[in-house]
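Enquirer: need a 3D model of the following:
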Amino acid sequence: MKVQILVFLINIILINASFLLAFLVRYGVSVPAENFQPYRQNFIVITFIYLLAFFYNRLFKKRFRSHWKLLRCIFLSICEGTFLCISFFYVFRTQFGGFPSSVFVLLLPVSIIVFYAGNTIVLRTFGRIKRKVVIIGQGEPLEILEKSKRVEKQHIDNLSDLLHYDDIDEVVILENINDDKQLNLLTYLLLKLKVNVVFGPAIYAKLLSANMMDENDLQFLATFIGRKSDSEEALMRALDLFGSLAMLIISSPLMAIVAIVIKLTSRGPVFYRQLRVTKDGEEFTLCKFRTMVDGAEKSTGPVWASENDLRVTKIGRFLRDSRIDEIPQLLNVIKGDMSLVGPRPERPHFIKMHKHLRETRLAVKPGLTGFAQIRSYYDLHPKHKIKYDYLYIQRRSFLLNLYILMMTIPVMVSRKGQ
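Expert: Take a look at the predicted model:
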């Protein structure tokens, strides 16, 4: 409680220090009196507004599990507090019209830096930036836990002991858990506690051996195995957004040409829309250039495409081999239905038919490309691809996604990908 009070008092100082620094950057040491007067008369109100934003985003809680969580909390608080202050001065603009809007523009980057630096120093001094980890089972702790100084570790032998923990961030499982009751208990507890899960080598080995898994194991692992740290998820999402926007802009002339060619060479719409399944089994509408004759599945129903599928048009064959037909899916990536990298999105019909397409493979968003697409050739049955999907789901990261995207380029050029 004493640390929280200290953080509270320091942030009151930092609020006003940030404003003064923003004025200093804007005007130098000679700040015009008419511009500084509105702040001087209302600094108590301004401080109160920012404190409300801090309380709302829980800046004064006991601890943060990572620097990223702290930065995110400060960023949201500053943005919300600045918006409320701007609204305040706008409402009373006749009285405080002299407050310079340029100060608010400068305030955002200045205050984020000041608050992050100040809070980090205090919280790290008192050990309030740390990750609490519970390790289930006996065995050697993972290297990542050994090397980190800001990790509080506790070992337990029984899953039921998790009932006594209400403030943990991560659970490390070092042993196989085969009892259905234990699996159900662990799933319930982890969902309730909303913690990250790291699986030990024994669990990973079982995961990669698809023939050893039953439905309960798949369902349990799928709930947690795709999760990564907040900062890693943010980086991967940023790569999705900026990468998709850049590729859409660059490929827009090509897309226009392809649309015209499709329309001139075969009957039917330019784009093909189909229901697919994304993370956690949710459905979305996928968009791509049409490569088959219109109504290709009217007589057959849902079937996988084969290597020499007669339903594929001449231009469609080229579009498939070069992956140009996938370009419209960039819109699905921007919407958040897909990622640039991940297992390919499957249709609900095949998800229901094949167990290996469910559960673990749905733990992450599907992608435009992935390990299976850069490592192997076209194959009729997805069982040959599933080991690459499992490997990616365990190791997915910003750098791995970047690598796969770079390796996709030669695959597209050689037209050997799937």
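Enquirer: where does pLDDT dip in the stretch 251-400 of the chain?
Expert: For the stretch 251-400 of the chain, the stretches flagged by pLDDT under 70 are 295-310, 349, 352-361, 375-385, 387, 391, 394.
Enquirer: how does the chain divide into domains?
Expert: The chain is divided into the following domains under automatic domain parsing: 2-125, 131-224, 230-414.
Enquirer: how about the ones you listed in CSV, adding mean neighbour count?
Expert: All C-beta spots, glycine's among them, are computed from the backbone N, C-alpha and C. Formatted as CSV, the entries for those read as follows, by neighbours: other Cβ atoms under 10 Å:
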stretch, mean neighbour count
domain 2-125, 16
domain 131-224, 15
domain 230-414, 17
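Enquirer: so which elements touch the strand or helix carrying residue 262?
Expert: Secondary structure from DSSP states H and E places residue 262 in helix 230-265. The elements that helix 230-265 packs onto, with contact taken as 3 or more Cβ pairs under 8 Å, 6 or more residues apart in numbering; DSSP states H and E, are helix 67-91, strand 283-289, helix 314-322, helix 330-335, strand 339-341, helix 398-414.
Enquirer: can you tell which of the ones you listed is closest to residue 241?
Expert: Closest to residue 241 of those is helix 330-335 (Cβ to Cβ; 6.5 Å).
Enquirer: mind giving me the packing neighbours of the closest one?
Expert: Under the contact definition 3+ Cβ pairs under 8 Å, 6+ apart, helix 330-335 sits against helix 230-265, strand 283-289.
Enquirer: which residues does the nearest residue to residue 259 once chain neighbours are set aside contact?
Expert: When the adjacent residues along the chain are set aside, residue 259 lies closest to residue 270, with 4.6 Å between them (Cβ to Cβ, 6 or more residues apart in numbering). Residues near residue 270 by Cβ atoms under 8 Å, 6 or more residues apart in numbering: 259, 262-263, 289-290.
Enquirer: quick check on residue 270: phi, psi?
Expert: Phi and psi for residue 270, reported as degrees, to the nearest 10, are phi -70, psi -40.
Enquirer: is it true that residue 372 touches residue 344?
Expert: Yes. Counting by Cβ atoms under 8 Å, residue 372 does reach residue 344; the two are 7.3 Å apart.
Enquirer: which residues touch residue 154?
Expert: In this structure, residue 154 makes contact with 132-135, judged by Cβ under 8 Å, 6+ apart.
Enquirer: these in strands, which ones?
Expert: 132-135 (DSSP state E).
Enquirer: sketch out the low-pLDDT regions of the stretch 1-150 of the chain for me.
Expert: Using pLDDT under 70 as the threshold, the predicted model of the stretch 1-150 of the chain has low-confidence ranges 97, 138-149.
Enquirer: helix, strand, or coil at residue 273?
Expert: Reduced to three states with DSSP: H, G, I helix; E, B strand; the rest coil, the structure at residue 273 is strand.
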